[in-house]
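K.L.:
I need the structure of the sequence given here:
(chains A, B and C)
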Amino acid sequence: MQIQTANCLHYGVKTGIFALVTYSGKAKDVVVLNDKEVQIIFRDSISAFDGVKKEELAEKGIINCLTSVKLFEILDEYGFNTHFISKISDSKLLCKKVTILPVEVVCRNISAGSFCRRYGFEEGIKFKQPLIEFFVKDDEHHDPLITESVAVQMKLITDNEAILMEAITRAVNEVLLKIFDLISLQLVDFKLEFGRTTEGQLLLADEISADTMRLWEKKTGEKKDKDRYRQELGDVIVHYKDILDRLNSIQKLPNYKPLSTARVIIKLRKSVLDPAGEVTFRSLSRKGFKRIESVRLGKSAEIAFNAVPSSELQTEIEEISAKILSNPLIEDFDLTIRHHLEKSEKEHVKEE
Amino acid sequence: MRIGITKFPGTNNEQDVLRALSILDVKGELIYPWDDKKLENLDALVIAGGFSYGDYLRPGGIAAQSPVAEKLIDFEKNGKFIIGICNGFQILCETKILPGVLTTNLSTKFICKWINIKTENSQSPLLQNLESIIKIPIAHYEGRYYHDSNGIKKINDDDSVAFRYCNEHGEITQKSNPNGSLENIAGITNTKGNVLGMMPHPERASFDYLGSDTGRQIFANLIEEIKC
Amino acid sequence: MLTTEEYSKILDVLEREPNKGEVAVFEAMWSEHCSYKSSKRWFHLFNEKAPYIELGIGEGAGLINLGDDLLVGLGLESHNHPSAISPYDGAATGVGGIIRDILSQGCKPIAVLDAIRFGNIEKSQHSQYLLENVVRGISFYGNCCGIPTVGGEVEFAPQFEHNCLVNAMCVGVVQKNKVVRSMATKLGSFLVLYGARTGRDGIHGVSFASKDLSDKSDRDRPAVQIGDPLMEKILIDVTLELVEKELLEGLQDLGGGGLSCAVSEMAHKGNTGAIIRLEDVHLREDDMLPWEILVSESQERMLAVVEPDKLDEVVSILDKQDLTYGVIGEVTDNSHCIAYFRGEKIINLPVELIVDGFPEPERIAEKPSYLDEEDFLIPKIEDIKHEILKLLSSPNIGSKAWVYQQYDQHVQTQTVVPAGSDSAVLRLDNGKYVALSLDCNSFMVYLDPYNGTANSATEAMRNLIATGAKPLAFVDCLNFGNPEHPDSYWQFVESIKGLGQFSHDFNIPVVGGNVSLYNESFIEDKRERINPTPTIGMIGIIENPEKLIKNNFQEKGTFVVSIGECDGNLNGSEFLRNNFGILQGKISQYDKKNEESSRKAIENLNQAGYIKSCHDISNGGLITALAEMTFKNEIGVKLDLLDNDSFKILKPEEFLFAETPSRYIIEISSEYIEGASKMIEGKVSFSILGKTITKQKIEIENFLSMDIKQLKNAWKKTISQYMEN
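P.N.:
Just a heads-up that it's a prediction; the model follows:
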C-alpha cells in the first residue's frame, strides 16, 4: 500500500468514486471514509521486484487480510498501538486514518533477501542481536536503505519518531518471535510501516502478513512466505493458508511482560552556574588534564516501564522529565526510550 | 489556634519548630504528607527543614509532589500563613508558591555556621518588629538562591526580599554571603506577604542558651497575626 | 577464613562437617571483628562498675543514669577498612552503624562525634581525597538523619597514609522504663526484620575488616556497603515509636555478620534459640543464595523480638510508614540457631558455639624494636616566633572548622557548645547539660602505649573538666595493628592495661567499645602500621547549666593562672614532631596524684564561681592553649614570668611547648584572685602567669610579643589551604 505524503508520491492512483477518495496500491485499496477512518480492501494481487513481476492469486487477499487481523489483534493484546479498528468483511478492514511515514523499518533475525544481495552474505546467518534497518519508501529508487540520521536530517521523520520506530520494532520482534515459535515457525525478518495520526500519535499501519515477513518451517527450514512467489517455489497460497491456520490454532498467548526503558539526562542550563562542575574542572586541570575546556555535571535517571514503547509513553516520560525530574528554571533534559530486552533473552544472546 | 508543622519522610527539624512554638505557648501539630485534608482546619503551616525524601532527586522536589504540597496553593490563596525554613523554602520554590530556586552552594559543601542576616523593608506581617541584624545559623548544601534577571528584578520591585546575608555590622558584602546566593538573598516572601521562605533557621535562634533568640520574633509574629 | 584449629573445634562440637552456609556463619562470627578473639581476654582489666551504670559492655549502647531515670546511651565504633577503600560510603555507613547501635537499646540518638585520622595532608593527595570524602560521607549521612555532629578530632600522621581511621561515636537518651535489650528471652516471640531490603552488600565484610589492607584491596570494593540516610531516618522515627509504645521485647541492629550475628547473639544473651525462614527476608536481588542472605551486611536493618499479642500493632506501625519488614522466625528453647530456606535446612548450630565457641588463638606480645632507638638531640631554637607560627599551622593543632562546618551541629536545637571547643555540650530535656569529648594522642601512645593511653584518657577527662563537667563514663575504640604480629600485639596489650589503670584510678568505668585490629598492611613490601590509637569517648554531666565554663578569654584585665606543673618534657610533643620531624624518646609518666589535685582545684574553683574561662593544656603545650584562648574574642594576654620557677629552670621552648599532663589555664577576675589563690594554695601546683590585656597581642615580658591576628591566621587556614585548592 502506498499513500501520498508530502515527500513521497509513488504510483498510487487517486480516483474519485461517489465522493469517496480511493488510493490504490500494489495489493490493497484504501478508501477514505471520513477524517478519522479508512477502509482497506485486500486484493488478490501479488507482485515482486518493485512490481516488475505481478500476478493474481485466488484467496490471497482474504488470507492476508485475516492474517493481518490476527496479528494486529495479538499486538493489540500486548499493548501496541495499531491502526486496526475492526474487520468489515474477510477482505476489508476498518482502520484509523493516518499519514503513512515515508520510512519503513525492517527487523532481521536471520540473514535473507535484500540483505544478502546487498552485502553478498549468505542466507541463514543468525544475528546475535536483531538488526534494524530503515528504508525510504521510494519505488523509483528501489526503496533504498537509509540511515536514521539521514532520515531525520531530510525531515522524512522526526528524531522522536526514529527512536520510537526502532524501539517499537524491536518490541514487536520479541512478541512475534514468541508467537511464531509457538506454532513451529522461525521468524526470519519482517517489515513494519508506521502512520502518524493528526494528533501526532505513532501507529503500526499497513498490513502484517506473509507478504511482509519471512517465515521458515522450524524443523526443515522450508520457506512459507512471499519468497515462494519471488523464487517460484510454488504453492504460495497453500503455505499462506497454513500460516493463517496455525495462527488461528493458538489457544493461549505466551506470557510476556513488556518492558521499556527511558533514560533521562538532566543537565543544568548553560546560563546557570554549576559549582560542582567547576570544582571537578579545577581538580582535573590540577591533575594535569590540560585539554579540558569545561565540565558540566548532571544527573541521569533510568526508568523502566511495564509497557511497550509508544507515543503515549514518550509523552508520559516527557511529562515526568519536565515536571518532576528537572526544574525548568535551571535544568534541561534529554531523553531516549528503548525497548528493554527480557532478561532470559539477553542471557541467551550471551551464551551464543 | 492551629499551626501545622510538616513531617515528610526525612524531615528532621519538626521537633525543633515545635519546641520554638512551645516556648510561645503554642502547641503545634505534625502534618504528614498524606494529611492534605487536615490543611483546611489549620491557621498556618510551617514547612520544617531536613531532607524530605532524602532530597535525592532535588531538594524539595519530591515533597512538592505530595498530597499536602498540592493543597498548598489553595492554602496560600486563602491568605493563610506559610513559613518554609531551609528545606521548607526549597519546597515552596519547587511548588512555585515562591519564585526562584535554591541550588548547590558555591563551595559545593554543606555549610553549617552562625551567620548574620539583615531584615529588609517588607510589608509582610511576619517580618515586623524584627531586629535589623539577626544572628542565626544556616545548615544546608543547596541554599544558593537563584532566579533569572527578570525574576530578581521583580522580587526587588515587589519588595519581596525578606532577608539578605550581611556581616555583623549589617553590611551586605560578598564575604558575608555564605553560599553564593544572588544579591545575598537569604529569604523572600510572596507579594501578599503571607508566605515566607528562608534558608537560615529561626527555630535554632530562638533560645538564649543556643547563642541567640532573635529568630523567635518570626514565630511570635505568626502567632500574633493568627490571633488578629 | 577459618583456621585449622577453628575448623577442628567446629568438627568436634558438631560431630559432623559444617555445610557451606554454616561455614559462612562461622567465618563471619569468628572473625576478629565479631568475636573479639584476640582482645576479649583483656577486658577484665577494665573498671565496669559505678552506681549510675545501668548497662555496661556487651550490647549496642552502654547506659548511664543521669538522675530522674533519664539514661544516656553511648557507643563508639570503627569503620576503618571500608573508609580506606571507599571513603564516602565507608564513613557514611560507619555513622549509620553506630546510630543503630544506640537505637538498639531504645535510645533516641542526640549527637554524633567522629575521630578521623589520615596521612600527611600537606603532601599526600590521597589523604586529601580521603579527608574530603570521609567528611562528606559523615556530613551526608549524619545531617540527613537529623542528628547533630557536635565534635570529635582529626589527626594527621604519615602512619595513617595507608590505613586511615574513622571512628564514630553516638550518644542517645532513653527513659529507664523504656529501655530495650538486645536479647531474645520469651519463647514463642516473633523475630521481625525491618528496614532496608537485603542485598549483596558487604558480604564477607567482617572477614574483610579482619584482614590486612593491601594493594589489591580495591578489588574488594563490593565488600563496602552503601548507606541510605533517608531509610535510616525513617528507621529511627519508626523504632522510637515502637519503643515509646513498649512494643519491643528485644532489639538489635544488623551490623557485622548480618542476620546470623543478630539472631545468634540475641538468642545467646537470652539463653534461647531461634528458627528463621530466609524466604521471608525481603531481598533486593532475588537470586541471592541462602548463605548470602544470612551474612549480608546491608545497612539500615533492625531485628526486633516481638511478643505474639503485640505483633499486629508493630506491623501496623511498620505498614503506616511504608517500611519493608518480614516476620522471619520465632524464639525457641532448644539453644540452636536454625535457618530454613523454602523448607530446606540451611544451618543448624548451637548458639553457644556460634557466639562464644571459638578457640582463643595464641597471641604473643613482644616489645617493638623501635622503642630501643638511640637517644636524639633536640635542635637549638633560633627563632621562637617562627617556631610558634609553624606549630600553630600544624594540621593537628590548627582550626578544624573546614571539617566541622560541613556537619549540621545545631539540629535538634540542644547544642549549647558545638564542635571546636574542649568538649561539645548538649542540653537535655530535663535542663541539665552533658559534655562529650573524643580524644587520643596517637603519638604518645606510639612512644609508650601504657602511659600514652592512660594520659590520653586523662586528656579526655580534662576536656570535660575544663568545661565544668563531672566525668561519668567512657567508651573506647581500640585501633591497632595485626595481633598476629607480636610487636603490634604488645602495643595493644600495653594500651589496654593503661586504659584499665585509668578506669580504676579515677573510678570512671568503661561502658562499651570496639576493637579494630589489622590496621596494618604491606605496601610494596614495606610494612605500614598505624600509630596505636585507643580513641576514648567520654561523657560528663553539668548538673547546673550555670557552671558551664567557656574555653576562651572573656574579659580584659583578668588574671591568667596555670594549674599543674610543667616538666619540660618535649618527647612526643607536636612541637618536636611537626617542627623537626622527631618522634622519639620517653614521654611523661601518667601520674594519678597530680591529675587528681588539678581536677579538684578546677572543680572547687568553679563551684565557688571563680572561673571565668578555662582550657586544658594538651597538644602544642602552653603557648597553643593560650593562643586558642585569645582567638574567639580577640582578647590579648601578657605574661610576666620573672618569678615563675618553671620558666627560670626550663628552656623557653620546653616551657612553651611541653605537653605535660594534668595542666589547665584558667581566667579569674581580679576581685576573686585572692580567694581563688587561698582556695588552692598548697593543694595544687599553680602560678599566676599574667593578665588579659586590651592590646590584641600575646606578650611575654622581655621575651616575646606577637599579634593575635597573625597567630590566628596561621592557625585558621591550616586545613583549608590544602583542601580548597
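K.L.:
And for residue 303, the neighbour number?
P.N.:
I went with chain A, as the question did not name one. Number of residues near A:Ile303 (other CB atoms under 10 Å in any protein chain shown) recorded here: 16. C-betas here are computed from N, CA, C, even on glycine.
K.L.:
Not quite, go with chain C.
P.N.:
28.
K.L.:
residues contacting A:Pro328?
P.N.:
By CB atoms under 8 Å, 6 or more residues apart in numbering or on different chains, A:Pro328 lies in contact with A:Ala322.
K.L.:
Assign a three-state SS to it, would you?
P.N.:
In terms of secondary structure, A:Pro328 is coil; the call rests on DSSP: H, G, I helix; E, B strand; the rest coil.
K.L.:
Next: A:Pro309.
P.N.:
Relying on three-state DSSP, one would call A:Pro309 coil.
K.L.:
Please report phi then psi for it.
P.N.:
phi -60, psi 140 (degrees, to the nearest 10).
K.L.:
Around the nearest residue to it once chain neighbours are set aside, count how many other residues there are.
P.N.:
Among residues not flanking A:Pro309 along the chain, A:Ala167 sits closest, at 3.8 Å (CB to CB, 6 or more residues apart in numbering or on different chains). Look at A:Ala167: counted by other CB under 10 Å, it has 24 neighbours.
K.L.:
next one: the one 3 residues further on
P.N.:
Here the neighbour count serves as a burial measure; for A:Arg170 (other CB under 10 Å) it reads 21.
K.L.:
Return the distance of whichever strand or helix holds it from the chain's centre.
P.N.:
Using DSSP states H and E, A:Arg170 falls within helix A:159-182. Put simply, helix A:159-182 sits 6 Å off its chain's centre (CA atoms, centre = their mean, to the nearest Å).
K.L.:
Now the very next helix or strand once past that helix: buried residues?
P.N.:
Using DSSP H and E, the helix or strand that follows helix A:159-182 in sequence is strand A:185-196. Using 16 or more other CB atoms under 10 Å in any protein chain shown as the test for burial, strand A:185-196 gives A:185-196.
K.L.:
where along chain B do the helices fall?
P.N.:
Using DSSP state H, the helices found in chain B span residues B:14-22, B:67-77, B:87-94, B:149-157, B:216-227.
K.L.:
quick one: which of these is nearest C:Asn604?
P.N.:
helix B:14-22 (35.4 Å; CB to CB).
K.L.:
Who are the packing partners of the closest one?
P.N.:
Secondary-structure packing of helix B:14-22 (3 or more CB pairs under 8 Å, 6 or more residues apart in numbering or on different chains; DSSP states H and E): strand B:3-6, helix B:216-227.
K.L.:
ok, 10 Å please
P.N.:
strand B:3-6, strand B:29-31, strand B:44-47, strand B:81-85, helix B:216-227 (3 or more CB pairs under 10 Å, 6 or more residues apart in numbering or on different chains; DSSP states H and E).
K.L.:
now it, how far from the centre of its chain.
P.N.:
Taking CA atoms, centre = their mean, one finds the center of helix B:14-22 at 14 Å from the center of the full chain.
K.L.:
Check which residues of it are buried.
P.N.:
By 16+ other CB under 10 Å, the buried positions in helix B:14-22 come out as B:14-21.
K.L.:
Put the alpha carbons of that helix into PDB.
P.N.:
Extracted in PDB, the C-alpha atoms of helix B:14-22 (Å, rounded to 0.1, in the frame of the first residue of the first chain):
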ATOM      1  CA  GLU B  14       9.900  19.400  63.000                       C
ATOM      2  CA  GLN B  15      10.600  18.800  66.700                       C
ATOM      3  CA  ASP B  16      12.800  22.000  66.800                       C
ATOM      4  CA  VAL B  17       9.900  24.100  65.400                       C
ATOM      5  CA  LEU B  18       7.500  22.500  67.900                       C
ATOM      6  CA  ARG B  19       9.900  23.400  70.700                       C
ATOM      7  CA  ALA B  20      10.200  27.000  69.400                       C
ATOM      8  CA  LEU B  21       6.500  27.400  69.300                       C
ATOM      9  CA  SER B  22       6.000  25.800  72.700                       C
END
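K.L.:
For residue 92, give me its contacts.
P.N.:
No chain in the question, so chain A it is. Counting by CB atoms under 10 Å, 6 or more residues apart in numbering or on different chains, A:Lys92 touches A:29, A:31, A:39-42, A:61-62, A:65, A:86.
K.L.:
you looked at the wrong chain, it should be chain B
P.N.:
Contacts of B:Leu92 (CB under 10 Å, 6+ apart): B:47, B:60, B:64, B:69, B:72, B:76, B:82-85, B:98-100, B:102, B:188, B:190, B:195-198.
K.L.:
End to end on stretch A:51-64, go ahead and measure it.
P.N.:
By CA to CA, to the nearest Å, the extent of stretch A:51-64 from end to end equals 18 Å.
K.L.:
So chain C: which segments form each domain?
P.N.:
Here the domain parsing of chain C from automatic domain parsing is C:1-30+C:180-358, C:48-178+C:399-544, C:549-725.
K.L.:
Including mean pLDDT and distance to chain A, could those domains go into a markdown table?
P.N.:
Below are those laid out as a markdown table (pLDDT from 0 to 100; distance: least, CB to the nearest CB, whole Å):
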| stretch | mean pLDDT | distance to chain A |
| --- | --- | --- |
| domain C:1-30+C:180-358 | 89 | 10 |
| domain C:48-178+C:399-544 | 95 | 9 |
| domain C:549-725 | 95 | 8 |
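K.L.:
With distance to B:Ala162 added, can I get those domains in JSON lines?
P.N.:
As requested, the domains of chain C are arranged in JSON lines below (distance: least, CB to CB, whole Å):
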{"stretch": "domain C:1-30+C:180-358", "distance to B:Ala162": "29"}
{"stretch": "domain C:48-178+C:399-544", "distance to B:Ala162": "21"}
{"stretch": "domain C:549-725", "distance to B:Ala162": "30"}
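K.L.:
Need the winner for burial among these.
P.N.:
Burial of those is given as mean neighbour count (mean count of other CB atoms under 10 Å in any protein chain shown); domain C:48-178+C:399-544 ranks first at a mean of 24.
K.L.:
Would that one count as contacting chain B?
P.N.:
Yes. Applying CB under 10 Å from any CB of the partner chain, one finds domain C:48-178+C:399-544 touching chain B at C:108, C:132, C:135-136, C:139-140, C:142-149, C:401-402, C:404-419, C:425, C:427, C:429, C:431, C:433.
K.L.:
Name the residues of the stretch 201-350 of chain A found near chain B, please.
P.N.:
A:266, A:268-269, A:271-280, A:297, A:299, A:301, A:323-331.
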